[in-house]
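Participant: Could you look at this predicted model? Sequence included:
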Amino acid sequence: MDPIARVLKLFRLTIPPAFFLLVSYTLLGEHVFGLAYVIGKRLKPRMRTTLRVFYQLSTSATALCIHIALLYTCGGTASVCPPVRFEERACLACTSASAVYCGATLLVERWANPLLGLNQPTGLRVRACSAAGLMVLWMCIGEKQLCAQLLLLLFTARRALALFPTSDQCYGLCIKCYTTLHMSRILTHECEGVSRLAVATVAAMTAL
């Protein structure tokens, strides 16, 4: 089997396990991470602040590099219906690695938030929206949909620009508007794509 087809098949086969992991991530309450709270309170304030700044800067820098790599390897023409480049090894490799990074970040941050005092919202609604977005992303990759890259761009942009809220909101709004236009073209059959996944992507982005 062609390596590219094998990777895409792997994503389709891992949809049920990914769904189970994301449901578990959503339903686990904060008491499960009690050890992180205990360790965080025992850390000296200066050490905790240093670790928090290092974590925020490193995750922002990593997300920025991934964001640029996605634009470089998977970016198409300036069109609402750009070519989908999943058949290219560089684009598929970058997309797959980015999806794994986003999933791992969700899990790591459940520990880092109480441990380092990130003060990020962790309620059930926030967790459900993040999990739904990642689940739609996983399905879009399996179906070779451009919406996968658009979701990844939104995920990585929000993390890369976390320290610049105004820029984060403006850039995120631009990505959401572009995705909405792309969805409308798919629904009118002017672009190739799966209608249900396009609608699911816009819905997921609205909640993020």
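Facilitator: Nice, I can see it.
Participant: Disregarding residues adjacent in the polypeptide, which is nearest to the most centrally placed residue in the chain?
Facilitator: With distances taken as C-alpha atoms, centre = their mean, the residue of the chain nearest its centroid is F155 (3.8 Å). Among residues not flanking F155 along the chain, C102 sits closest, at 4.9 Å (C-beta to C-beta, 6 or more residues apart in numbering). All C-beta spots, glycine's among them, are computed from the backbone N, C-alpha and C.
Participant: Could you pull up phi and psi at F20?
Facilitator: Torsion angles at F20 (phi, psi; degrees, to the nearest 10) stand at phi -60, psi -40.
Participant: measure it to S96 for me?
Facilitator: Per C-beta to C-beta, to the nearest Å, F20 is found 20 Å from S96.
Participant: Looking at the two, which is more packed in?
Facilitator: Set F20 next to S96 and count neighbours by other C-beta atoms under 10 Å: S96 wins out with 17 against 10.
Participant: element containing the more buried one, please.
Facilitator: Using DSSP states H and E, S96 sits in helix 89-116.
Participant: now for that helix, which elements pack on it?
Facilitator: If contacts are counted by 3 or more C-beta pairs under 8 Å, 6 or more residues apart in numbering; DSSP states H and E, helix 89-116 sits against helix 3-13, helix 15-27, helix 34-42, helix 45-74, helix 124-142, helix 146-160.
Participant: Quick check: buried residues in the first one?
Facilitator: By that I understand helix 3-13. Buried residues in helix 3-13, counted by 16 or more other C-beta atoms under 10 Å: I4, V7, L8, F11.
Participant: CSV for those, including pLDDT?
Facilitator: Formatted as CSV, those follow (pLDDT from 0 to 100):
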residue, pLDDT
I4, 80
V7, 83
L8, 84
F11, 86
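Participant: tell me the contacts of the residue of the chain most remote from its centre?
Facilitator: Residue farthest from the centre of the chain, counting by C-alpha atoms, centre = their mean, is K44 at 32.3 Å. Listed by C-beta atoms under 8 Å, 6 or more residues apart in numbering, the contact set of K44 is empty.
Participant: Would you quantify the distance from it to T50?
Facilitator: Counting by C-beta to C-beta, the gap from K44 to T50 is 9 Å.
Participant: do the same with A90
Facilitator: Distance from A90 to T50, counting by C-beta to C-beta: 36 Å.
Participant: Ok, V202 next?
Facilitator: For V202, the distance to T50 equals 40 Å [C-beta to C-beta].
Participant: For these two, indicate the residue with more neighbours.
Facilitator: A direct count of neighbours by other C-beta under 10 Å for V202 and T50 places V202 higher, at 18 against 13.
Participant: Mind pulling up the pLDDT for that one?
Facilitator: V202 is assigned 92 on the pLDDT scale.
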